[in-house]
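J.: I would like the atomic coordinates for the input below:
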Amino acid sequence: MHTLTRTIRFSVNPGRGAETGSAPANGFAGIPSMRGLGRYYELHVTCRGEPRSPSGYLLNIKEIDTTVHAGVIPLIAQACRDNPESNPVELLPGIVEEIRRRLGGVFERVRWNLTPYYSLEMTADTSHVLLRQSFDFSAAHRLHVPSLTDEQNRALFGKCNNPSGHGHNYRVEPCVAVRTGAQPAFGLDQLEALVHERIIRPYDHTHLNEDTAEFGGPSGVNPSVENIARVFFERLAEPIRAGSGGSASLRTLTVWETDRTSATFPA
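T.: Residues are numbered from 1 along each chain as shown. This is a model prediction of the structure:
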């Protein structure tokens, strides 16, 4: 079994139809590309199945492109023109249905990047939408295990065992499963407020080992990126459930220590 993902970039331009605009060859600008003060989006369409013989294709990517340009972009463009304050979550079931109608059973999921750091994802089962938003905070930490000797800690953690600690600009991304059609709706406003209260305010511009109970003192855990992801998940999961009346649940939480190192809990 294979999965195939195709990314379609496009702009919804003011005063223009969804199909108008230039079509750059292999450009990152998208088709149509931006004209005026438009809206830029990305759709990631994932299909699952076995490659076909003799082509070796699971699906010709041109079929995915045609599906999105003919069936999905017009839906988004019309909503942008007619009701620009509408909730994008409300468009996703229609987007999924349009893709399923055209691509059939190989369709698995679509992820809509409304910004580089805010996305919505829905599978062929439209009962839930996955809401993701990235946040950042700055903090210092020291990797050190009290039960090990100083020499053992230095050998294990190297420069990360510096007694004065060192800092990171961390990136945090919760992934929240929200029940479709739930009222009151759990959305980005509620997620941002809870992340600020439970993560940003208590940890931003702190020394994790010295200023926080979870990573300091005799009962604190070593503030590795793995442990940070778990602690933050545990701090956020119950407030999301309670704040949504049970209609939303924290599926995973990812922490980036650098742009090359991240940990997700639960995996």
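
J.: now find how far off-centre whichever strand in the chain runs longest is within its chain.
T.: The longest strand of the chain (DSSP state E) is strand 166-179. Offset of strand 166-179 from its chain centre (C-alpha atoms, centre = their mean, to the nearest Å): 9 Å.

J.: before we move on, what about stretch 215-230?
T.: Using C-alpha atoms, centre = their mean, the offset of stretch 215-230 from its chain centre is 24 Å.

J.: likewise stretch 230-241?
T.: 16 Å.

J.: equivalent analysis for stretch 255-267, please.
T.: For stretch 255-267, the distance to the chain centre is 12 Å (C-alpha atoms, centre = their mean).

J.: shouldn't residue 153 be in contact with residue 144?
T.: Yes - with contacts counted by C-beta atoms under 8 Å, residue 153 reaches residue 144, the gap being 5.3 Å. C-betas here are computed from N, CA, C, even on glycine.

J.: circling back to that earlier point, ok, and for the longest strand of the chain, which residues are buried?
T.: 168, 170-179 (16 or more other C-beta atoms under 10 Å).

J.: where are the low-confidence patches of the protein?
T.: 16-27 (pLDDT under 70).

J.: need the three-state assignment for the residue most central in space within it.
T.: What sits nearest the mean C-alpha location of the chain, by C-alpha atoms, centre = their mean, is residue 132, with 3.7 Å. At residue 132 the chain is in strand, as set by DSSP: H, G, I helix; E, B strand; the rest coil.

J.: who's in contact with it?
T.: Applying C-beta atoms under 8 Å, 6 or more residues apart in numbering to residue 132 gives the contacts 118-121, 173-176.

J.: much appreciated, bye for now.
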